[in-house]
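Chemist: Quick one, what's the 3D model for this:
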Amino acid sequence: MNYLDGLNIPQRDAVLHKDGPLLILAGAGAGKTKTITYRILHLIKQGVAPQDILAITFTNKAAKEMRERIEKLLAEDKELNLPVSFKDKPFMSTFHSLGVHILKENSRLIDLPRHFGIFDKNDSKRAVKEALEESGLDPKQFEPGKIMNAISREKGNLNTVETFSQSAGNQYFPRIVADVWQRYEKILKKEKALDFDDLLLKTVLLLRRNKEVLERYQNIWKYIHIDEYQDTNKVQYTISKLLGEKTRNICVVGDIDQMIYSWRGADIQNILNFEEDYPEAKVVVLEENYRSTQTILTAANRAIEKNKNRREKKLFTKQAEGDRIGVFGGYDEADEAEFISEKTQELIKKGVAPRDIAVLYRANFQSRVLEEAFLSNSLPYQVLGVRFFERKEVKDILSYLRAALNEDSLTDIKRIINVPARGIGKVTLLKLFAGQKDTLPAATREKINTFFNILGAIKQTASTSKPSDTIKYILKVSGIEQTLKASKLDEDLERLENIKELVTLATRYDNEPASAGASAGEGGIESLLADAALASDQDDMIKDQNAVKLMTIHASKGLEFDYVFITGLEENLFPHKRMGTSNEDVDLEEERRLFYVAVTRARKKLFLTYAGMRTIFGSKQVNIPSEFMIEMDEELIQSEDRTGSRKSAIKTIYFD
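Modeler: Below you'll find the predicted structure:
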């Protein structure tokens, strides 16, 4: 069968378009990943070298899925001259991983070692707190997270500490941010590290300031694909534009109706203005949905059409009409949670796999009462947000590896110099970091030397061994394995199991080649450390437990389930109004897009629930149903109750 036969007409148009800019407006469940992967296959079949192709998406999970699909298509195509060697494959990654790749290959140009550190959010918060204290400010008065968010937003808008300091003037809060930011940058420089936002900002600055470097990557990647283009911020947009400006063979894929990240800098104008940036662009609209029933799609279409800042698009499917949407109004949040757990139990008894059910909520605090209900009914569940790479024992092992590769990484050394306990106290650490090691007692110096010898041995092993063998070596040589095995505590044995899971995960990187400038054994290590540092909530689904998924709607983006509960559909909760803000501050269009995303996660059946009364921050609040629920058409919904019996939906209208 011809590889184009499985595509609908708009998908085929997108796949067959070769040269010049291409905008694919892909509705939820409209097969955008299939379209991108088949387009890449078609380019290769048309004679484009695989290594000339770049594909960027937003999560490690999505990049991995795309990579696996491409490899499968290439392997199965009998007309291609295969096998294609590993180096002759398209470059597929996230924006941040792309930044890591470019910066590592050019680390000498930015005055960093190849194995520079990458601060995660916790590392950055700790460093900002330290910078606040150095400034003589109280971290309790000036919350480090708030300062960090301000710095992050500025970096996403292509501002450096120098440009921001100049614009801050004498304004009170901006001046504080500028001062803390300068001290924060000194901490990063001292530890030879970058934070998440630097991975993109420094990449843009490098490409702008060094014409030779920019031309090299423009010549490497002649065909560029950017997924989830509606979620790009200014710095991501600039990377895309710089890399694509020579050939203009840039294909962007996105859905204006699924732009839900303006709070972290995403700019909807990037996708709305694509045709202004590239007047010769071809535009393809994908509207046929392969995921949901028509009932679910009709509800999604009618909800999103009320937005004005969008392009007209109507999802449709050739699948069945499907069940009506179940609506439940609970007395309070406990009643709502009990309904969800009872309905979930009912579905599981009918043979539905727990992993095919998801419970979505607008705010994290909603998960507590849901977890209680699931626990009391002995239902298997998994809360997304507790990340594998955030577990202490996993971070300890990775800190050993990072510290071995970069001995200036004081954050990692501080974390593991006493893991397991070596009797090195805080005063000793302060003297060590101040360069006063020679003033320490001989016995203490011996302990420190032993620790750094361990790091040296790990560095040597990492340069010649597979990543999985290096992790095993760290577990043994550090003394962590012996300590955990000797413990009688169940949680310590569980920690050991988690480290063994890290070894299993590391085997995925065992055969990865080294990029330019790295030793033979370091390719996989670099990728493992980058993926660990840049992991998202969805990446915690590495081991897909057969359990009901509980998560925020933001975390559900890109996922799909047979049965979906959207909870807390009450005014001020969803659409969400933050405490201390006015109704004018609520971005209703973005909240509606978020509702659209939630609705289109469901394949077979959707439930909408709300509570008439909810306790928030210790006080009970009487609620009215969300306008998103009140707007639902009568013919699409049916009421549900706690016993599982159904009655015709009654729409309640409230008057102030």
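
Chemist: Which residues does stretch 179-189 contact?
Modeler: The list of residues contacting stretch 179-189 from outside it, by C-beta atoms under 8 Å, 6 or more residues apart in numbering, reads 119, 124, 127-128, 130-132, 134-135, 137, 142, 147, 151, 154, 161, 164-165, 194-195, 198. To be clear about C-beta, it is placed using only N, CA and C from the backbone, and glycine gets the same treatment.

Chemist: what about 6 Å?
Modeler: Residues from elsewhere that reach stretch 179-189, judged by C-beta atoms under 6 Å, 6 or more residues apart in numbering: Ala127, Val128, Ala131, Leu132, Glu134, Ser135, Ile147, Ile151, Val161.

Chemist: The third one and Lys34, how far apart?
Modeler: Spelled out, that is Ala131. Distance of Ala131 to Lys34, computed by C-beta to C-beta, to the nearest Å: 47 Å.

Chemist: out of the contacts of stretch 179-189, which are buried?
Modeler: Neighbour counting over those (16 or more other C-beta atoms under 10 Å) leaves Ala127, Val128, Ala131, Leu132, Ile147, Ile151, Val161 as the buried ones.

Chemist: Show me the two of those residues that sit farthest apart.
Modeler: Across the buried ones among the contacts of stretch 179-189, the two members that end up farthest from each other (C-beta to C-beta) are Leu132 and Val161, 15.3 Å apart.

Chemist: Any idea what Val383 is bridged to?
Modeler: Under the criterion DSSP bridges, Val383 forms beta bridges with Leu550.

Chemist: Would you agree it is in contact with Met551?
Modeler: No: no contact is recorded between Val383 and Met551 when judged using C-beta atoms under 6 Å, the distance being 7.1 Å.

Chemist: neighbour count winner among these two?
Modeler: Higher neighbour count among Val383 and Met551: Met551, with 23 against 20, using other C-beta atoms under 10 Å.

Chemist: ok, now which ones touch that one?
Modeler: Each residue near Met551 by C-beta under 6 Å, 6+ apart is listed here: Leu384.

Chemist: about what we covered before: restricted to helices, list the contacts of stretch 179-189.
Modeler: Judged by DSSP state H, the contacts of stretch 179-189 include Ala127, Val128, Ala131, Leu132, Glu134, Ile147, Ile151, Val161 as members of helices.

Chemist: name the helices or strands packed onto the lengthiest strand in the chain?
Modeler: Of all the segments assigned as strand in the chain under DSSP state E, the longest by residue count is strand 602-616. Here strand 602-616 is seen to pack against strand 325-332, helix 333-349, strand 561-566, strand 619-622 when contacts are counted using 3 or more C-beta pairs under 6 Å, 6 or more residues apart in numbering; DSSP states H and E.

Chemist: Would you confirm that Ser152 contacts Asp197?
Modeler: Yes: under the contact definition of C-beta under 6 Å, Ser152 touches Asp197, with a separation of 5.2 Å.

Chemist: wait, isn't Asn289 in contact with Lys32?
Modeler: No: taking C-beta under 6 Å as the contact criterion, Asn289 and Lys32 are not neighbours in contact, 11.1 Å apart.

Chemist: which residues are common contacts for the two?
Modeler: The contact lists of Asn289 and Lys32 share no entry, where a contact means C-beta under 6 Å, 6+ apart.

Chemist: How far off centre is stretch 298-318?
Modeler: In this view, stretch 298-318 has its centroid 26 Å away from the chain centroid, taken as C-alpha atoms, centre = their mean, to the nearest Å.

Chemist: can you offset everything so residue one is 56?
Modeler: Sounds good: first residue 56 from here, last item stretch 353-373.

Chemist: List the buried residues in that stretch.
Modeler: When burial is assessed from 16+ other C-beta under 10 Å, stretch 353-373 yields the following buried residues: Thr353, Ala354, Ala355, Asn356, Ala358, Ile359, Arg365, Lys368, Leu370, Thr372.

Chemist: Looking at those, which two lie furthest apart in space?
Modeler: The most widely separated members of the buried residues of stretch 353-373 are Arg365 and Thr372, with 20.3 Å between them, by C-beta to C-beta.

Chemist: Just give the closest residue to Ile99, not the sequence neighbours.
Modeler: Pro105 (5.6 Å; C-beta to C-beta, 6 or more residues apart in numbering).

Chemist: Number of residues surrounding that neighbour?
Modeler: By other C-beta under 10 Å, 19 other residues sit near Pro105.

Chemist: residues in contact with the longest helix anywhere in the chain?
Modeler: For the chain, the helix reaching the highest residue count under DSSP H is reported as helix 497-519. Contact with helix 497-519 is made by 458-459, 472, 477, 479, 483, 525, 528-529, 532, 574, 576, 580, as judged by C-beta under 6 Å, 6+ apart.

Chemist: and what of stretch 486-496?
Modeler: In this structure, residues lying in contact with stretch 486-496 by C-beta under 6 Å, 6+ apart are Leu465.

Chemist: Only C-alpha atoms, please: export that stretch in CSV.
Modeler: As requested, C-alpha coordinates have been extracted for stretch 486-496 and formatted as CSV (Å, rounded to 0.1, in the frame of the first residue of the first chain):
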residue,chain,number,x,y,z
LYS,A,486,36.0,26.5,54.4
LEU,A,487,36.2,24.1,51.5
PHE,A,488,34.2,26.4,49.2
ALA,A,489,36.1,29.4,50.4
GLY,A,490,39.4,27.8,49.3
GLN,A,491,40.6,27.2,52.9
LYS,A,492,41.0,23.4,52.7
ASP,A,493,44.6,23.7,53.9
THR,A,494,43.4,25.1,57.3
LEU,A,495,41.4,21.9,58.0
PRO,A,496,42.6,19.1,60.3
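
Chemist: What ranges in the stretch 556-705 of the chain fall below the confidence cut-off?
Modeler: By pLDDT under 70, the low-scoring segments of the stretch 556-705 of the chain are 569-576, 591-599, 633-641, 672-673, 698-705.

Chemist: Please, where are all the helices along it?
Modeler: Counting by DSSP state H, counting those that start in this stretch, the stretch 556-705 of the chain has helices at residues 577-588, 608-611, 643-654, 682-685.

Chemist: Which parts of the stretch 256-405 of the chain are strands?
Modeler: Secondary structure of the stretch 256-405 of the chain, counting by DSSP state E, counting those that start in this stretch: strands at 278-281, 305-309, 337-341, 380-387.
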